[in-house]
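Asks: below are the sequence and a predicted model for it; my questions follow.
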Number of protein chains: 2
Amino acid sequence: MENIITLAHGSGGSATLALIDNVFKKYFKNDILSAGDDSAKLDIGNSRNIVFTTDSFVVTPIFFKGGNIGKLAVCGTVNDLATSGATPLYLSCGFIIEEGFSFEELEKIVESMAVTAEECGVKIVTGDTKVVQKGAVDKIFINTSGIGILPEGVDISGRNAKTGDKIIVSGTIGDHGSCILLERENMGFQAEIKSDCAPLAGMVQDMLRVTRQLHVLRDPTRGGVATTLNEIAAQSNVTVQIYEEKLPVKREVQGVCELLGMDPLYMANEGKLLIFVPGDKAGDVLEVLKKNDYGKDAAIIGEVINESEAKVVLKALSGGTRIIKLLAGDQLPRIC
Amino acid sequence: MENIITLAHGSGGSATLALIDNVFKKYFKNDILSAGDDSAKLDIGNSRNIVFTTDSFVVTPIFFKGGNIGKLAVCGTVNDLATSGATPLYLSCGFIIEEGFSFEELEKIVESMAVTAEECGVKIVTGDTKVVQKGAVDKIFINTSGIGILPEGVDISGRNAKTGDKIIVSGTIGDHGSCILLERENMGFQAEIKSDCAPLAGMVQDMLRVTRQLHVLRDPTRGGVATTLNEIAAQSNVTVQIYEEKLPVKREVQGVCELLGMDPLYMANEGKLLIFVPGDKAGDVLEVLKKNDYGKDAAIIGEVINESEAKVVLKALSGGTRIIKLLAGDQLPRIC
C-alpha cells in the first residue's frame, strides 16, 4: 500500500475498495459493515427493518445544470436508502462552510435541499454547521445521513444476483459525470448536458408494487455503471454480461466522451438505478420504470450468465467481447 | 443579516443560532427539528424511541493531548445521543481527506475511533470516503451521525428545566478549549493541559439507574458552559443562577485563560455534562457521578431560580452578580 492518500482513493473504484478493506474494515469490524451494501440494515429495539446510510458531498462546481450540491446531497442519501428497498424517512445534514461564503448561495442550496426532501417525503430532522477559515475548505461540503424503513419481505442486496437475472438500467448513462466535466473545464462546447441528479425512492416503491423479487438495486454513482456492476459481480460471485448496443447513452454525452477519451460506462450517474431481477419479471419492471418520470429511457442491458466467476463482460458493437474492470485511478475527482 | 458567512456563524454562539433560525429552520420546517435538542427523537415503524444526531469535526490540530479528531468524532456524536438519555447503538462515518494525507495518520485516527466506539459499545456500521485535491480541505474532516434508543419513561430535553432544579457539571471546565488553544498557538507554555475528550454514555446510564427524573442533560462544547446554559434557559424560559466559587476549573486552565484574557465559562468541553435535576435528587446524582472515571470532579454549580425570564446570572466571587450571555463572535475557531 502506498503511504499517502491519492485522489484515486476517493474515486469509488479499486483504490477506494482497497482503502476500505485495508483501513476501515480492519478497525471497524462488524457483521453489518461487512455486508458491503450502500446502506446498513439495523436491529433497533423491536425493529429489525431500519436502514442507515451516510454520504459526504464535495462536488465542484457547487451549482451545475440540473442541480447543485444541496439537491445532490439529498438525492444521494435518499438513493442509497432506496437501493435497499427502504422508504427513506429522515435525514441529518452537516454543513462545513468556508468563511466568506455568501448567504445568498447558502440559501439557494438549503432551499433546494428542502424542495428535494419534500419531493421524497423525507424530513431533515437534525443538523450541524461548522465554519472554517478561508482556504481550509473549498466553499461548502455537505454530509447527509439517512434513516429509512424496509417493507416486510424485501431482501435486496449486492449479494443476491443470480444466474438468469436480467440487468436493467433506469435511463441514459454518464449524464452527471459529463455535465460536471463540461461545467468544470469550461471547454466552450455548446453541448447542453444536464446532470440527472434525482431522488429515486418513488421509482423503487413503484417496482416493489410489481414484484418483491428485486435481487439487486444499486445507483451507479462514482465509477459509473462499470464499477457498480463489478462490485455486484464480486459481492454475488457471478459473471455479468452486458451489451454495448443496449446501453442508453445520450448523443451529447457520447460526443463529449469521444472527444475527451472518456467512457460513459465509467461516468458517474446521480439519478439512475441498476436493477437485477429474475428474467420472468424483467418485462413488468421495465414497464413500470418507463411510466416514471425518471425512468423513461430504461433498458435491459444484460444478464447474469453464471455464478462461478466474478467478472463483468461487455459484448461490443463490433461483435467482440471484453472484460470490464473496476475504475482504476480517478477519472474525475469531486464528481459528488 | 450580513451577506457572508463568518467564523462567528460556526462558533456555536449567537451567530450560529441566528443562522439556524434564519436559514435552516426557515426551509427545513418540521416539529422534530424545531425541538432544538442535540438529537432528534423519531418515530420509525413501531418504535417511538429512536434518537438521531449528526456532527462534523474540523478540529485543528488533528492530534492533540488527550485525543485526536477521530476520538473526538466518536465522542461528540455518542455524547449528543447520550444527552437525550439514549443508549448509543450505531454510528456512520464520513471522511473527507486531502490528497497527500498520510496513511499512517489515517490509521491512527481510525484506530482510535474503533477503540472509542468499543468503549461505548457502539458499532460503526456505514461510511463514506471522499478525497479532494490538495488545498481543497485542511487535512481531514470527519462527520459522524449516530442512532440510539431511549429507555422507556425517559424524557430529557432542554425544555424541561424547572424552578428548584440543581445544576451539576460533571467535572472541570474549559479543558478541551485550553488544550487546543495551547497546541495551536505553540506559545511555549509548559502547561500540561489535556483535552477532556471522552464518551459519556456510560455516565448517563449510571445516573438513570439512580433517577429517571433528569430534566436536562447537555454537553457544553462550542461556546462552553455559558453558551449551553443560555440555550437551556431560552428553551425552558427559566432563570439560571450559577456561583463562580463553585465552578471546577483546573489551575492550569485558569492560568492560561487569565494570561490570554479568555473565560473558562466560554471554553469548549468535550467530556463534560451539564445536568439539571430536581433539588432532592442532586445529592444522589452527584454521588454516582463522582464514582465514574469521567465524573470525579463533578460539582453542583447553581440552580434554576425562577421560570419567568430566560437568562443566566453569575454570582461572582466578589459578591456581585452579572448576566452571562451567549458567546458572541468566535472565541476560537475549529475547536471541534
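Replies: In hand now; what should we look at? Residues are numbered from 1 along each chain as shown, chains lettered A, B, ... in the order given.
Asks: which stretches of chain A aren't confidently modelled?
Replies: Along chain A, the model assigns pLDDT under 70 to residues A:1-2, A:188-190.
Asks: care to break it down by domain?
Replies: A:35-149, A:158-323 (automatic domain parsing).
Asks: and residue B:141, which of those domains is closest to it?
Replies: Each of the domains of chain A has some distance to residue B:141 by CB to CB; the shortest is domain A:35-149, at 5.9 Å. In short, each C-beta sits where N, CA and C put it, glycine included.
Asks: straight-line length of that closest one, end to end?
Replies: This stretch, domain A:35-149, spans 18 Å end to end (CA to CA, to the nearest Å).
Asks: ok, back up a step: go through the domains of chain A and pick out the most buried.
Replies: Comparing the domains of chain A by mean neighbour count (mean count of other CB atoms under 10 Å in any protein chain shown), domain A:35-149 comes out on top with a mean of 23.
Asks: do you know how far residue A:117 is from residue B:213?
Replies: Residue A:117 is 36 Å from residue B:213, where distance means CB to CB, to the nearest Å.
Asks: now swap in residue A:14 and tell me
Replies: Distance of residue A:14 to residue B:213, computed by CB to CB: 55 Å.
Asks: contact partners for the closest residue to residue A:164 other than its chain neighbours?
Replies: Residue nearest to residue A:164 in three dimensions, not counting chain neighbours: residue A:279, with 5.1 Å by CB to CB, 6 or more residues apart in numbering or on different chains. Residue A:279 makes contact with A:164, A:165, A:166, A:303, according to CB atoms under 8 Å, 6 or more residues apart in numbering or on different chains.
Asks: hmm, residue A:172 and residue A:250 touching each other?
Replies: Yes. Residue A:250 is within contact range of residue A:172, at 4.8 Å (criterion: CB atoms under 8 Å).
Asks: chain A: strands as residue ranges?
Replies: For chain A, the strands defined by DSSP state E cover A:40-44, A:47-57, A:63-64, A:67-68, A:87-98, A:123-132, A:140-149, A:165-169, A:216-218, A:239-243, A:274-278, A:299-306, A:311-315, A:321-323.
Asks: pretty sure residue A:38 sits against residue A:82.
Replies: No. Between residue A:38 and residue A:82 there is no contact, the gap being 9.4 Å when judged by CB under 8 Å.
Asks: please enumerate the shared neighbours of these two.
Replies: Common contact partners of residue A:38 and residue A:82 (CB under 8 Å, 6+ apart): residue A:219.
Asks: nearest to chain B: which residue in the stretch 151-300 of chain A?
Replies: Chain B sits closest to residue A:222 of the stretch 151-300 of chain A, with a gap of 9.1 Å, by CB to the nearest CB.
Asks: that residue: what's it in contact with?
Replies: Applying CB under 8 Å, 6+ apart to residue A:222 gives the contacts A:10, A:11, A:12, A:13, A:16, A:268, A:327, A:335, A:336.
Asks: now do residue A:80
Replies: Residue A:80 neighbours (CB under 8 Å, 6+ apart): A:38, A:39, A:53, A:55, A:146, A:219.
Asks: can you tell me how far it sits from residue A:94?
Replies: With distances taken as CB to CB, residue A:80 is found 16 Å from residue A:94.
Asks: rewinding a little: out of the contacts of residue A:222, which touch chain B?
Replies: Filtering the contacts of residue A:222 for proximity to chain B (criterion: CB under 8 Å from any CB of the partner chain) leaves A:10, A:11, A:16.
Asks: in chain A, spot the helix with the most residues.
Replies: In terms of residue count, the longest helix belonging to chain A (DSSP state H) is helix A:103-120.
Asks: what sits against residue A:198?
Replies: Counting by CB under 8 Å, 6+ apart, residue A:198 touches A:75, A:270, A:271, A:294.
Asks: ok, the last one - contacts?
Replies: Read it as residue A:294. A:170, A:171, A:196, A:198, A:200, A:202, A:203, A:271.
Asks: quick one, phi/psi of the fourth one?
Replies: Note on residue A:198: its backbone torsions stand at phi -160, psi 150 [degrees, to the nearest 10].
Asks: residue A:182 versus that one, what's the distance?
Replies: Per CB to CB, residue A:198 is found 19 Å from residue A:182.
Asks: same question for the last one.
Replies: Using CB to CB, residue A:271 is found at 17 Å from residue A:182.
Asks: cool, thanks, signing off.
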